[in-house]
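*Asks:* for reference, the sequence and a predicted model appear below.
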Amino acid sequence: MSILIELQTTIEDMVQKGKGILAADESNPTMAKRLQPIGVESTFQSRGDWRNLLLGTPGLGDHISGIILFEETLSQTSNDGTLLPQVAEAQGIVPGIKVDKGTIPLVNSPGDLVTQGLDGLAERLKLYKEQGARFAKWREVYPVSQHNPKPLGVKVNAQVLARYAAICQSVGIVPIVEPEVLIDGDHTIVRCFEVIEKVQQAVYKALFRYHVSLEYTILKPSMVTPGKDNAHTASPEEVAENTIKVLRRTVPAAVPSINFLSGGQSDEEATANLNAMNRDYPGQPWEVSFSYGRALQHAALHAWHGQAKNREAAQASLLKRARLNGAARHGRYTPQMEE
Ligand code: 13P
């Protein structure tokens, strides 16, 4: 298959009405943080059990079109010995892979971060592709303060995302471009808007300079919300109005899909906010969808508690959130559906 046809096929499989992406790509330290509250030690085995449970959920493919995996998951198997990327494909879910290696402080730009992992990326991608991955994810992180992100942080992070995206496309892998503007802090929704506008403008300028074909990319942004320590809680309508406005200002129409991260919003908030965007602002040039980690897995993890006997209850929890977010893709979610 030519690379362009490969990229196009992957986009068509990933971008489907009423469906979104499940982010299950927690690094080992992050997975330890997720497992600790339910009293489960994070080991190769327990992480494999959890991801096996997620991917084995009957009907998951009705609402989920892509799953982001972590490197070790590519080689893990279900109980009958099937590799997990193949379990995903059998559900009609495209397997993808997180390829960044986490953040470090950006030297000479105090308070800003930059993500590592570009060296040798093309070779790693070829290997992941052989193991079944068809798309990748890379996350740049922008802490918000009065002075951050600084102009240097905005520029450098955009360049790294663009280099990553260009490398992915050169080997037939669809890049998910994730500039995460953190919800941490007491900043206002106005400040969040201003930061996201600057960040996304810089990202698309860099993607253009690096000759990335936007048609074969997916954006994974943050929603425009107040910081989590701000006294004001924004309604879904307010989040939707601000988020759609900033997206329309910054994201070219050639991008097929925008799949939000949940970033610390509660399960219900993340669903209600996505729903308000699709209900109140239909007909955008791109699909408005989800790529949630915590907001899809949180309830299921707590139903599971690391015990095999809770497997079905946990899968039911995951399926419920996937179904409700699927409804939010059409603007058809109501809080009554939670019952
Ligand atoms: P959250 O939805 O938990 O923010 O995770 C999404 C993700 O992939 C962050 O990189």
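*Replies:* Cool, got the structure.
*Asks:* residue contacts, the residue in the stretch 1-150 of the chain that the ligand sits nearest to?
*Replies:* Nearest to the ligand in the stretch 1-150 of the chain, going by C-beta to the nearest ligand atom, is A23, at a distance of 3.5 Å. For every residue, glycine as well, the C-beta is placed using N, CA and C. Neighbouring residues of A23 by C-beta atoms under 8 Å, 6 or more residues apart in numbering: I67, I68, K137, L261, S291, Y292, G293, L296.
*Asks:* restricted to helices, list these.
*Replies:* When DSSP state H is applied, the contacts of A23 are split such that L296 fall in helices.
*Asks:* mind listing the strands for the stretch 101-250 of the chain?
*Replies:* Taking DSSP state E, counting those that start in this stretch as the criterion, the stretch 101-250 of the chain carries its strands at 103-105, 113-115, 135-142, 174-181, 218-219.
*Asks:* and the angle for the fourth one with strand 135-142?
*Replies:* Meaning strand 174-181. Interaxial angle, strand 174-181 versus strand 135-142 (axes from the mean of the first three to the mean of the last three C-alpha atoms, to 10 degrees): 20 degrees.
*Asks:* and the residue in the chain sticking out farthest from the centre, how far from Y142?
*Replies:* Computed with C-alpha atoms, centre = their mean, the residue of the chain farthest from its C-alpha average is K309, at 29.4 Å. The gap separating K309 from Y142 is 42 Å, by C-beta to C-beta, to the nearest Å.
*Asks:* do L152 as well
*Replies:* For L152, the distance to Y142 (C-beta to C-beta) stands at 12 Å.
*Asks:* what about the two, which has more around it?
*Replies:* More crowded of L152 and Y142, by other C-beta atoms under 10 Å: Y142, with 21 against 14.
*Asks:* my guess is the more buried one meets V199, correct?
*Replies:* Yes. Judged on C-beta atoms under 8 Å, Y142 makes contact with V199 at a distance of 5.9 Å.
*Asks:* hey, what's in contact with both of those two?
*Replies:* P149, V154, N157, P179, V181.
*Asks:* between those, which is nearest I218?
*Replies:* Ranked by distance to I218 (C-beta to C-beta), the shared contacts of Y142 and V199 are led by P179 at 12.5 Å.
*Asks:* mind listing what the residue nearest the centre of the chain touches?
*Replies:* Closest to where the C-alpha atoms of the chain average out (C-alpha atoms, centre = their mean) is S291, at 3.9 Å. Shown here is S291, whose contacts under the criterion C-beta under 8 Å, 6+ apart are G20, I21, L22, A23, G66, I68, I176, I218, K220, N259, F260, L261.
*Asks:* would you reformat those as a markdown table and include distance to L83 and pLDDT?
*Replies:* Output for the contacts of S291, formatted as a markdown table (distance: C-beta to C-beta, whole Å; pLDDT from 0 to 100):
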| residue | distance to L83 | pLDDT |
| --- | --- | --- |
| G20 | 23 | 98 |
| I21 | 20 | 99 |
| L22 | 17 | 98 |
| A23 | 20 | 98 |
| G66 | 17 | 98 |
| I68 | 16 | 98 |
| I176 | 22 | 99 |
| I218 | 24 | 99 |
| K220 | 25 | 99 |
| N259 | 25 | 99 |
| F260 | 29 | 98 |
| L261 | 27 | 98 |
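*Asks:* return the member of the residues you listed nearest to V190.
*Replies:* The nearest member of the contacts of S291 to V190, counting by C-beta to C-beta, is F260 at 19.6 Å.
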